[in-house]
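Colleague: sequence and predicted structure below; questions after.
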Amino acid sequence: MPVWLALVPAISQLLDRIIPDPDARAKAKLELIKEENVQALEQMRLALQADQSQTQIDEAEAQNPNLFVSGWRPFIGWVCGVAFGYHFVLQPLLAFLIANSGGNVKLPAFDMQELTTVLMGMLGLGGLRTIEKIKNVD
């Protein structure tokens, strides 16, 4: 958001003091509001254009038969899923079984913070796609 848009209320109050004629003051405020709306619409148009361009790139990637182009998102998803499964299901179960069988093996552990960041980002994107499917957006 441009800085000057944040100044609109202050400019409006300044117009109240500078322009004594109520009709002229109303006209000046209307022009100010029009300019604010034009700027906001232009920003939305540019954002939509960028989103549409990214969507076209994503579609081209997804249609590619080469696994290294179209399969990176599924690969990251499987890696995150397997790592979470190991960390929260398999590792505690193995630790329990090893401890009960009399063994003393230290299972590897890893930092889940970085993996969680990637996974939560992917789940967030997946959530947005779910909303798109509910609203029938292609």
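Modeller: Now that the structure is in, tell me what you want to look at. Numbering: from 1, shown residues only.
Colleague: can you count the residues close to Glu36?
Modeller: Residues lying near Glu36 (other Cβ atoms under 10 Å) number 15. No exception for glycine: its C-beta is placed from N, CA and C like everyone else's.
Colleague: where does this protein dip in pLDDT?
Modeller: Across the chain, the ranges flagged by pLDDT under 70 are 1-8, 12, 15-17, 19, 67-70, 72, 125-130, 137-138.
Colleague: share the number of residues neighbouring Ile33, please.
Modeller: 12.
Colleague: all strands for this structure, in order.
Modeller: Using DSSP state E, the chain contains no strands.
Colleague: okay, helices next: where are they in it?
Modeller: Along the chain, counting by DSSP state H, helices occupy 3-6, 8-18, 22-63, 67-70, 72-85, 91-100, 112-134.
Colleague: so which of the ones you listed is nearest Lys106?
Modeller: helix 91-100 (9.0 Å; Cβ to Cβ).
Colleague: and the closest one, how far from the chain's centre?
Modeller: How far helix 91-100 lies from its chain's middle: 38 Å, per Cα atoms, centre = their mean, to the nearest Å.
Colleague: quick check: angle from that helix to helix 72-85?
Modeller: Orientation note: helix 91-100 sits at an angle of 30 degrees relative to helix 72-85 (axes from the mean of the first three to the mean of the last three Cα atoms, to 10 degrees).
Colleague: adding distance to Lys106, write the helices of the chain out as JSON lines.
Modeller: JSON lines is the format used below for the helices of the chain (distance: least, Cβ to Cβ, whole Å):
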{"stretch": "helix 3-6", "distance to Lys106": "57"}
{"stretch": "helix 8-18", "distance to Lys106": "63"}
{"stretch": "helix 22-63", "distance to Lys106": "41"}
{"stretch": "helix 67-70", "distance to Lys106": "36"}
{"stretch": "helix 72-85", "distance to Lys106": "18"}
{"stretch": "helix 91-100", "distance to Lys106": "9"}
{"stretch": "helix 112-134", "distance to Lys106": "17"}
